[in-house]
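> My questions are about this predicted structure, shown below with the sequence.
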Amino acid sequence: MGKPTIADLAKAAGVSVTTVSHAFSGRRYVEPETRKRIEVLAHEIGYRPNHRAQRLRTGRAGSIALVSSMPFAVAAGPSRLGFLMEIAAAAAVTAFSRGISLCLVPPLGPRDSLEALEVDGAIVVEPERDDPVLDFFSDRGVNVVCIGRAPGRDDLPFVDLQSGATAHLLLDHLFSGGGRVGLITGLQRRNSYIEMEAAYAERMAQAGSSPLAIRVDERGGEQAAAEAAERLLRAEPTISALCVPVDAFATGVLSAARAMGRRVPEDLRLATRYDGMRAKLATPPLTAVDLHLDHVAAAAVDLLLARLGQTSAEPAVISPPSLVLRPSSVMSLETD
């Protein structure tokens, strides 16, 4: 007996060949129950859709891109296992389950180096204001969704990273310990930095204090943050806590504190945003926030595929961010 055909599957499912084709290609809407029945029967009889032929018919590449303008110095982390990589891993799994491949694009260099890139759509992670990544895909007419709001671009769909809620979690925790709280964010204008700075300025205004905030260029990574933190702490020696949302910057602050003889958390309490390997492996481990990036990444893939007309998924509900307390900000905790 030969391989089952699309006609065999259509007969078994009691639908037309066209309906089966649409169920796998996503070119037309198919009732979710019907789609599920077709998928189950396809598995039972051993039918596999010819995705290559589908791509030839539709003119689609069958792949999507994941890209960020963040340099690897802050986005990747130890052994390249950082913020961007966690999102990429989760997004790849979701895309594969939807019959789409995912291409991880490194931070953009010369535009002509990517002219050969052929994708159906792109997910842009935490774009900055006037982000060249957005311009690149816009010029090519590629559909884009963002992880995190794109500053100044209300026309672009996005999955909310809940940056405001995250800012308040971190600041509430550090301000509750008393003393003077400083802030170190990125020079680039990403929404998470903007919302963090706004929340911090509001807290300092309520306390009747002037902000103790500086910005560091992401391209300098950990070393630039260490140098900037040392300058800040020497200029403002009464600072007793620092909120440092970029985890690479936070490990730089730890280096600066050690060089200055400032103990963490006894002399300086410290918290960061991303609960990744840098936070977990730091000495002491860093208080951070669980952003539920696996759910965020999956939601971004589904949002992009819906924009491409390949799914009809409902918008995902992402759990609120949650604070992960560690010894960098709480003296009574044991080291992980």
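Alright, I've got the coordinates. Numbering: from 1, shown residues only.

> Just confirm Ala288 is within a strand.
Yes - counting by DSSP: H, G, I helix; E, B strand; the rest coil, Ala288 is found in a strand.

> Show me the beta-bridge partners of it.
Beta-bridge partners for Ala288, by DSSP bridges, are Val324.

> Count the neighbours of it for me.
For Ala288, the count of nearby residues is 26 (other Cβ atoms under 10 Å). For the C-beta atoms, the positions are set from N, CA and C on the backbone; glycine is no exception.

> Leu281 is in contact with that one, correct?
No - with contact defined as Cβ atoms under 8 Å, Ala288 does not count as touching Leu281 (11.7 Å).

> what stretches of the protein score poorly on pLDDT?
The chain contains residues with pLDDT under 70 at 1-2, 25-28, 49-61, 76-81, 108-116, 310-316, 333-336.

> where along it do the helices fall?
Ranges of helices in the chain, per DSSP state H, are 6-13, 17-25, 32-45, 51-58, 72-75, 83-97, 132-139, 163-176, 191-206, 221-235, 247-260, 277-281, 293-307.

> Let me know which of those is the nearest to Ala241.
For Ala241, the closest of the helices of the chain is helix 163-176, at 4.4 Å, according to Cβ to Cβ.

> quick one: contacts of that closest one?
Residues from elsewhere that reach helix 163-176 (Cβ atoms under 8 Å, 6 or more residues apart in numbering): 148-149, 181, 191-192, 195-196, 198-200, 203, 207, 241-243, 245, 269, 271-273, 287, 289, 291, 320-323, 325, 329.

> Tell me the buried residues within those.
148-149, 181, 191-192, 195-196, 199-200, 203, 241-243, 245, 269, 271-273, 287, 289, 291, 321, 323, 329 (16 or more other Cβ atoms under 10 Å).

> Can you get me a residue count around Phe96?
With neighbours defined by other Cβ under 10 Å, the count for Phe96 comes to 12.

> Not including adjacent chain positions, what is the nearest residue to it?
Distances taken as Cβ to Cβ, 6 or more residues apart in numbering put Leu102 closest to Phe96, at 7.4 Å, once the chain neighbours are dropped.

> Surely that neighbour touches Ile87?
No - counting by Cβ under 8 Å, no contact exists between Leu102 and Ile87, whose distance comes to 10.4 Å.

> neighbour count winner among these two?
Ile87 (25 against 21).

> list the contacts for the residue nearest to the more buried one when sequence neighbours are not counted?
Among residues not flanking Ile87 along the chain, Ala297 sits closest, at 4.7 Å (Cβ to Cβ, 6+ apart). Counting by Cβ under 8 Å, 6+ apart, Ala297 touches 86-91, 94, 147.

> Over to Ala73?
218-222, 248.

> top of those residues by neighbour count?
Ala248 leads these on contacts (other Cβ under 10 Å) with 31 neighbours.

> So it is in contact with Gly221, correct?
Yes - counting by Cβ under 8 Å, Gly221 is a contact partner of Ala248 at 5.4 Å.

> which residues do those two both contact?
With Cβ under 8 Å, 6+ apart, Ala248 and Gly221 have common neighbours 73-74.

> Hmm, Ala13 is touching Val20, no?
Yes - counting by Cβ under 8 Å, Val20 is a contact partner of Ala13 at 6.8 Å.

> Overlap of the contact sets of those two?
Common contacts of Ala13 and Val20 (Cβ under 8 Å, 6+ apart): Ile38.

> These two: which has the busier surroundings?
Val20 (26 against 19).

> Do I have it right that the more buried one meets Lys11?
No - between Val20 and Lys11 there is no contact, the gap being 9.8 Å when judged by Cβ under 8 Å.

> All good on my end, thank you.
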